[in-house]
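# Here is my input, please return the structure:
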Amino acid sequence: MGTSRREFIKNTAMVAAGASLLGSEVFASSKKIERVGIQLYSVRDAMGKDPAGSLKKIADMGYLHVEHANYIDRKFYGYSAKEFKKLLSDLGLQMPSGHTVMRGSDWDAAANDFTAKWKFTIDDAAEVGQRYVVSPWLDENLRTDMEGLKRFMDVFNKCGELCKAHGMTFGYHNHNFEFSTKIGDGTLYDYILANTDPKLVAQQMDVGNMLGAGGIALDLLKKYPGRFELMHVKDEIKSTTGGGMDGYDSTILGQGVMPVKDIVKEARKIGGTSQFIIEQESYQGKDPFDCVKIDLQMMKKWGF
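Numbers count the residues shown, from 1 in each chain. The predicted model follows:
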């Protein structure tokens, strides 16, 4: 339905140390306020046509938190940060996190600083009330350029410092290429986790994006305990249209092939996860709003 998320991210962006040594019991006993939200890309077509009406439908379902996937020319779905914050507040909604791609061009190497454009991005995220600024992409030219990649991981850490100064946390969101791209004996995803400071860069695990490229969410939670502060909660089915990501389409939670209930249980136990964000990108002929309503009901059934 509509533009693929991969193309959406590319187009929107153009417009606008190993595993932790701490034991899992530490994360099990470390209580954080859990939030269940929805990635608004799940209802992207409706948000493009009627943001206010779409958000009201989301609020009426019982959602309290949303995550944006649309920040262009200093606007969230066409609203300034101040205006969008008020729109959300009037509906009883909050937006703890949002997706905005940080590209290599957002760092000015000559000035050893971020560009004005990226600084405005952070300012607006703080203004709208975000706690997390999440970048959901890595420039293709950086993925296998080891020197460039290492430098950009340093930029990740610097962005963590910038966000921290604004009372927020910088984060990274995976797709599939992090698992299909090999670096040495590991994957690009292993490299990202090994070369970003967990005190400065949070990881948002998308459990569905990785599936077709060989990423197994339960294995990663055990390999890197405490590293996944945020999670995109998805279920997947084999694609019948030839689309999707690596032959998989997302579907209603509990109706696909993934052990989603076990994944979120493990994320609560050892993942360090407190932000659980529902995202469904394909609907098998159903209305997207009907889908995300059932998704929320399923999360509640699982104890959220």
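
# And N176, how far from G148?
To G148, N176 is 21 Å away according to CB to CB, to the nearest Å. C-beta: built from backbone N, CA, C; applies to glycine.

# Same drill for these two, tell me which one is more crowded.
Set side by side, N176 and G148 show more neighbours around N176, with 21 against 14, by other CB atoms under 10 Å.

# burial count for the nearest residue to the more buried one once chain neighbours are set aside?
Excluding the flanking residues, the one nearest N176 by CB to CB, 6 or more residues apart in numbering is A213, at 4.0 Å. For A213, the neighbour count with other CB under 10 Å is 19.

# Could you measure from A213 over to R74?
Distance, A213 to R74, using CB to CB: 34 Å.

# Quickly find the element holding R151.
Using DSSP states H and E, R151 maps to helix 146-165.

# Report the mean confidence score over that helix.
When pLDDT is averaged over helix 146-165, the result is 98.

# Which strands and helices lie in contact with the very next helix or strand once past it?
Of the helices and strands lying after helix 146-165 in sequence (DSSP H and E), the nearest is strand 169-173. Judged by 3 or more CB pairs under 8 Å, 6 or more residues apart in numbering; DSSP states H and E, the packing partners of strand 169-173 are strand 132-135, helix 146-165, strand 201-206, strand 230-233.

# Okay, now the sheet partners of the next helix or strand after the last one, with direction.
Heading C-terminal from strand 230-233, the first helix or strand you meet, by DSSP H and E, is strand 235-238. For strand 235-238, the paired strands and their directions (DSSP bridges) are strand 248-251 (antiparallel).

# Next secondary structure element downstream of the partner strand?
Following strand 248-251 toward the C-terminus (DSSP H and E): helix 260-266.

# how distant is the helix or strand just after that following helix from the center of its chain?
Later in the chain than helix 260-266, the nearest helix or strand by DSSP H and E is strand 275-278. Counting by CA atoms, centre = their mean, to the nearest Å, strand 275-278 is centred 9 Å from the centre of its parent chain.

# Relative to strand 275-278, what are the paired strands and their orientations?
strand 35-39 (parallel), strand 230-233 (parallel).

# Give me the distance between the shortest one and the centre of its chain.
Here strand 230-233 shows a centroid-to-chain-centroid distance of 7 Å under the convention CA atoms, centre = their mean.

# Likewise for the first one?
Centroid separation for strand 35-39 versus its chain: 10 Å, with CA atoms, centre = their mean.

# For that strand, the averaged confidence score.
Strand 35-39 comes out at a mean pLDDT of 98.

# need the contact list for A213.
N176, F177, E178, F179, S180, D246 (CB atoms under 8 Å, 6 or more residues apart in numbering).

# dump the residue contacts of the fifth one.
It stands for S180. Applying CB under 8 Å, 6+ apart, we find S180 in contact with T187, A213, G214.

# for the second one, same thing?
By CB under 8 Å, 6+ apart, the residues touching F177 are L138, R143, L188, A213.

# hmm, 10 Å instead?
By CB atoms under 10 Å, 6 or more residues apart in numbering, F177 lies in contact with R6, W137, L138, E140, R143, T187, L188, Y189, N209, M210, A213.

# returning to that earlier point: if we only consider the contacts of A213, which is nearest to M168?
E178 (23.1 Å; CB to CB).

# Only the buried residues of stretch 283-298, if you could.
By neighbour count with 16 or more other CB atoms under 10 Å, stretch 283-298 contains the buried residues Y283, P288, F289, C291, V292, K293, I294, D295, L296, M298.

# can you check stretch 64-75 too?
With burial defined by 16+ other CB under 10 Å, the residues of stretch 64-75 counted as buried are H65, V66, E67, H68, A69, N70, Y71.

# Over to stretch 39-55?
By 16+ other CB under 10 Å, the buried positions in stretch 39-55 come out as Q39, L40, Y41, S42, V43, R44, A46, M47, P51, S54, L55.

# How much space separates the second one from K119?
From L40 over to K119 the distance is 24 Å, taken as CB to CB.

# Provide a list of residues in contact with the nearest residue to T121 once chain neighbours are set aside.
Once flanking residues are discounted, T121 sits nearest to T100: 5.6 Å by CB to CB, 6+ apart. T100 sits next to 9, 12-13, 16, 68-72, 76, 106, 118, 121-122, 124-125, 130, 133-137 when contact means CB under 10 Å, 6+ apart.

# returning to what we had before: what's the most buried one of the helices and strands packed on strand 169-173?
Sort those by mean neighbour count, taking mean count of other CB atoms under 10 Å, and strand 230-233 sits at the top with a mean of 27.

# averaged over its residues, what pLDDT does that strand have?
Here the average pLDDT along strand 230-233 is 99.

# Tell me which stretches of the stretch 51-200 of the chain form strands.
Ranges of strands in the stretch 51-200 of the chain, per DSSP state E, counting those that start in this stretch, are 65-68, 71-72, 75-76, 94-99, 107-108, 113-114, 132-135, 169-173, 182-183, 186-187.
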